[in-house]
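Enquirer: Let's see this in three dimensions:
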Amino acid sequence: MNDLAPLLTPEGRALLDEVRDTDPAHELAVATRLRRDHPAELVSAALGQARLRQRAVAKFGAEDAARMFFTPNGVEQSTRRSVAAYRAERLRAAGVGSVADLCCGIGGDAIALARAGIRVLAVDRDPGAAAAARANAEALGLAGLIEVREADVTEVDTSGYDAVFVDPARRSSKRGRIFDPEAYSPPLSWAVRAALGASRAAALKIAPGIPHEAVPAEAEAEWISDGGDVKEAVLWFGTAPGTIRATLLPGPHTLVSRGLPDPDVRPVGRYLYEPDGAVVRSHLVAEVAEMLDGGLIDPTIAYVTTDTLTPTPYATAYEITDRLPFNVKKLKALLREREVGVLTVKKRGSAVEPEELRRKALPKPHGTASVTVFLTRAAGAPTMLLGHPVR
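Expert: Numbers count the residues shown, from 1 in each chain. Predicted coordinates:
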C-alpha cells in the first residue's frame, strides 16, 4: 500500500481511472475481472487507493481527492482542506513567502500553502507519506512550489525559510491517540524550539484538548472548528503572544479573548445558546455571554440563557418550551403526548448517555414532530430542557 510507484505508471494510472467509482460491495467481482489482464498486486493497490480516495472526499473535495494519492494514516490524520487554506492565508497575510512544513504527511498542508503562493519544503520521515506528498504535488500542478524530502525533521535545517509549520504525530500504532504533548512525535517542546527559531512566524498544529496551562507564554493559541466540529488547535509564534482566539469556518468568524470573568448564573430563560466547540475549548464562553447579554444556567455548564434572541455565529440558539427535573417516565409521556417522532439528545454535565435516553424515552416514534432534549444541570440540579433550534 505504501509503494505508490506501480500506480504512477501509465498502466497504474489507467487502472486507477477504471476503478475510481467501484462500490466496495462489488470489489471482489471487479478484482477478479481485472486480474485477468493486470498483475494481482497492482489490482489490489488500485482498489485500495480507490477506497482511500473515496474516504478523502470529505476532507479534500471530490475533484482533488480523485487526483491525489493517499496512505491509510494520511487520510486519517491530514488536515481538512478548508482549515489548511485558512491557516495558509494567515501565514501569507503575515508576509511569509516560504515555509518548512515538518511532518508533512501526504502533503495536505503543503498543498494549501503552495496554493497561497508560498514556497514549501515538505519533510516527512515516512517513505510512504513522502512518496504520496511528492505524487500529490505533481498531480495538482504544484511541484514547482513544493520540494518533498524524506528525512527526520529534527535534522532538517530550516534557517532558509520565513516560517516553520509543524504537525507532530499524535497517534501511535500501539497506544492510539496520544494526549500528552511531550509524547507527540516529535515532542511539543522540540516543536516549540523549532518555532522560536523561525525568522518570521511559525504555526504548530496540536490536539484541541491541550490544557491551556500547556500553551507556551510566547504563543498565541487558536482553536478552529469547521461546520461546528472542532478540528484542531494551533500555536502561533511571531503573531500576538498570549492571545487566545476561537475561529469558526466557514467564514471565518474569529472571537478573541478579553479576559472576562465568568458570567453570572441565572434561571433558564426563553432561549438557550449552545456555544460552538471552538468557543468552549478556548474558554471564551464569557465573551459570547456578554455578546448575548446572557448568563449561564449553571456555573460549571457552558450553556448560555437569555430571554431575547440575538443571532450570533458563535452559538446555536434553541427556543426552550419545557424545563423538567430528570425523569425518564415523565419525558416519555410528554413525547407521546406531543406526537414526537424525531428526538435529538444533547448533554453537558450529565452521566446519562444520549442513546440510552433516546432508546428509553422514545422506543417507538409517535408522530412527525421533532424535539431536542438537553440533559444538563441548572443551578446544580439534574435537569431536562426541551426545545427546538431557532432557524
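Enquirer: Tell me where this protein has helices.
Expert: Using DSSP state H, the helices of the chain run over residues 10-19, 27-34, 40-65, 72-77, 81-93, 108-115, 127-139, 188-196, 277-281, 285-292, 328-337, 354-361.
Enquirer: Looking at these, which one is packed in the most?
Expert: Mean neighbours per residue, mean count of other Cβ atoms under 10 Å, is largest over the helices of the chain for helix 108-115, with a mean of 27. All C-beta spots, glycine's among them, are computed from the backbone N, C-alpha and C.
Enquirer: Export it to CSV, keeping only CA atoms.
Expert: Output of helix 108-115 as CSV, limited to C-alpha atoms (Å, rounded to 0.1, in the frame of the first residue of the first chain):
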residue,chain,number,x,y,z
GLY,A,108,-2.4,18.4,2.6
ASP,A,109,-0.9,21.5,4.3
ALA,A,110,1.9,21.9,1.8
ILE,A,111,-0.8,22.0,-1.0
ALA,A,112,-2.7,24.7,0.8
LEU,A,113,0.5,26.7,1.4
ALA,A,114,1.5,26.4,-2.3
ARG,A,115,-1.9,27.4,-3.5
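Enquirer: average pLDDT for it?
Expert: Taken as a whole, helix 108-115 has an average pLDDT of 98.
Enquirer: Packing partners of that helix?
Expert: helix 40-65, helix 81-93, strand 98-102, strand 119-124, helix 127-139, strand 146-150 (3 or more Cβ pairs under 8 Å, 6 or more residues apart in numbering; DSSP states H and E).
Enquirer: Now do the longest one and helix 81-93, the angle between them.
Expert: Right, helix 40-65. Angle between the axes of helix 40-65 and helix 81-93 is 60 degrees (criterion: axes from the mean of the first three to the mean of the last three Cα atoms, to 10 degrees).
Enquirer: ok, back up a step: just put the helices of the chain in CSV and tack on distance to Y161.
Expert: Below are the helices of the chain laid out as CSV (distance: least, Cβ to Cβ, whole Å):
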stretch, distance to Y161
helix 10-19, 33
helix 27-34, 43
helix 40-65, 25
helix 72-77, 23
helix 81-93, 11
helix 108-115, 11
helix 127-139, 17
helix 188-196, 11
helix 277-281, 29
helix 285-292, 35
helix 328-337, 58
helix 354-361, 47
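Enquirer: so which of the helices and strands packed on helix 108-115 gets nearest G160?
Expert: strand 98-102 (7.5 Å; Cβ to Cβ).
Enquirer: what does the closest one contact?
Expert: Residues outside strand 98-102 that contact it (Cβ atoms under 8 Å, 6 or more residues apart in numbering) are 91, 109-110, 113, 118-123, 153, 156, 158, 160-167, 191, 194.
Enquirer: Return the angle between stretch directions for that strand and helix 127-139.
Expert: Using the same axes, to 10 degrees: strand 98-102 against helix 127-139 is 150 degrees.
Enquirer: Quick one: work out the angle between strand 98-102 and strand 146-150.
Expert: Calculated by the same axes, to 10 degrees, strand 98-102 forms an angle of 30 degrees with strand 146-150.
Enquirer: Show me the strands in the stretch 151-300 of the chain, by range?
Expert: Remark: strands assigned in the stretch 151-300 of the chain by DSSP state E, counting those that start in this stretch are 163-166, 171-172, 176-177, 201-206, 220-226, 229-237, 244-249, 253-256, 271-275, 295-296.
Enquirer: which of the ones you listed is buried the deepest?
Expert: strand 163-166 (a mean of 28).
Enquirer: And for that strand, what's in contact with it?
Expert: Residues from elsewhere that reach strand 163-166 (Cβ under 8 Å, 6+ apart): 87, 91, 94, 96, 98-103, 109, 113, 153, 158, 186, 191, 194-195, 197-205, 238.
Enquirer: how does it look with 7 Å?
Expert: Applying Cβ atoms under 7 Å, 6 or more residues apart in numbering, the external contacts of strand 163-166 come out as 91, 96, 99-103, 109, 158, 191, 194-195, 198, 200-204.
Enquirer: among the strands of the stretch 151-300 of the chain, which gets the worst mean confidence?
Expert: strand 171-172 (a mean of 68).
Enquirer: Let me see the contact set for the residue positioned nearest the centre of the chain.
Expert: In the chain, the centroid-proximal residue (Cα atoms, centre = their mean) is K231; its distance is 1.9 Å. Each residue near K231 by Cβ under 7 Å, 6+ apart is listed here: 80, 83, 224-225.
Enquirer: Return the closest of those with respect to F374.
Expert: Nearest to F374 out of the contacts of K231 is S225 (Cβ to Cβ; 19.9 Å).
Enquirer: what's the closest one in contact with, if anything?
Expert: By Cβ under 7 Å, 6+ apart, S225 lies in contact with 231, 248-249, 276-278.
Enquirer: just curious, which of the residues you listed is nearest to Y318?
Expert: Using Cβ to Cβ, D276 is the member of these that lies nearest Y318, at 13.9 Å.
Enquirer: Can you tell me how far that closest one is from L121?
Expert: Distance, D276 to L121, using Cβ to Cβ, to the nearest Å: 34 Å.
Enquirer: These two: which is more packed in?
Expert: Comparing D276 with L121 by other Cβ atoms under 10 Å, the one with more neighbours is D276, at 25 against 22.
Enquirer: Quick check: the more buried one touching D229?
Expert: No: between D276 and D229 there is no contact under Cβ atoms under 7 Å: 9.4 Å.
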